[in-house]
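Engineer: below are the sequence and a predicted model; questions follow.
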Amino acid sequence: MSVAEPRRIVLFRHAKADWPQVTDHERPLADRGRMEAAEAGRRLTDTGIAFDLALCSTAVRTRETWKLAVQEFPQRPKTVYEERIYEASPGELIALLNETPDDAQNVLMVGHNPGIQGLADVLAGSGEDDARERMARRGFPAAAFAVLSFGGAWKSLEPGVATLRDYWAPAE
């Protein structure tokens, strides 16, 4: 990776989940969520980012979201199912990203709110006005994603060092 090439992080919230009588970790996607996950996958492909690594929560709804979204990708990145993403705070998610190998330039994280939205807010020291305005207006609904970039090693990722480049949410 060249020093001039920024690293990219895509923070992707799981799609709409159902509420059956199961533990929160075991909640599956709702029918709407399955459609939104595939649509988000198409939109992620439209970004043109070639992901080196996907970090996905072990919760059923995040795994189902990822399985449907990645089917839209031209090439499947290495995927790591990480239980630490479930119920993680923004600080815990940063610590996890700090462990990312430096040969990974573009990383996608599939997780949950409030952690994913909080992480996007904490990392984005600056941003493109349109993306910031849309994220502020919409929040981080199910199946939304934010694209952030920063320079340096993964271990240097900390609050305020990234730039919000893009944001997408269903029905936008």
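Structural biologist: Arrived safely.
Engineer: low-confidence regions, this structure specifically.
Structural biologist: Within the chain, the segments meeting pLDDT under 70 span 1-4, 172.
Engineer: what about the helices in it?
Structural biologist: 31-46, 60-70, 90-98, 115-123, 129-138 (DSSP state H).
Engineer: what residues are up against the nearest residue to residue 134 once chain neighbours are set aside?
Structural biologist: In space, and not counting its chain neighbours, residue 134 is closest to residue 167: 5.1 Å by CB to CB, 6 or more residues apart in numbering. Just so you know, the C-beta spots here come from the backbone N, C-alpha and C atoms, and that holds for glycine as well. For residue 167, the contact set (CB atoms under 8 Å, 6 or more residues apart in numbering) comprises 131, 132, 134, 135, 138, 144, 145, 146, 147.
Engineer: 6 Å instead, please
Structural biologist: Contacts for residue 167 (CB atoms under 6 Å, 6 or more residues apart in numbering) come out as 131, 134, 135, 146.
Engineer: residue 72 now?
Structural biologist: 41, 42, 45.
Engineer: just among those residues, which is most surrounded?
Structural biologist: residue 41 (22 neighbours; other CB atoms under 10 Å).
Engineer: switch the helices of the chain over to a markdown table; also include distance to residue 14.
Structural biologist: Converted to a markdown table, those look like this (distance: least, CB to CB, whole Å):
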| stretch | distance to residue 14 |
| --- | --- |
| helix 31-46 | 8 |
| helix 60-70 | 4 |
| helix 90-98 | 14 |
| helix 115-123 | 9 |
| helix 129-138 | 16 |
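Engineer: so which of those helices is nearest residue 159?
Structural biologist: helix 115-123 (4.7 Å; CB to CB).
Engineer: okay, the angle between that closest one and helix 90-98?
Structural biologist: Here helix 115-123 points in a direction 80 degrees away from that of helix 90-98 (axes from the mean of the first three to the mean of the last three CA atoms, to 10 degrees).
Engineer: I'm done for today, thanks for sticking with me.
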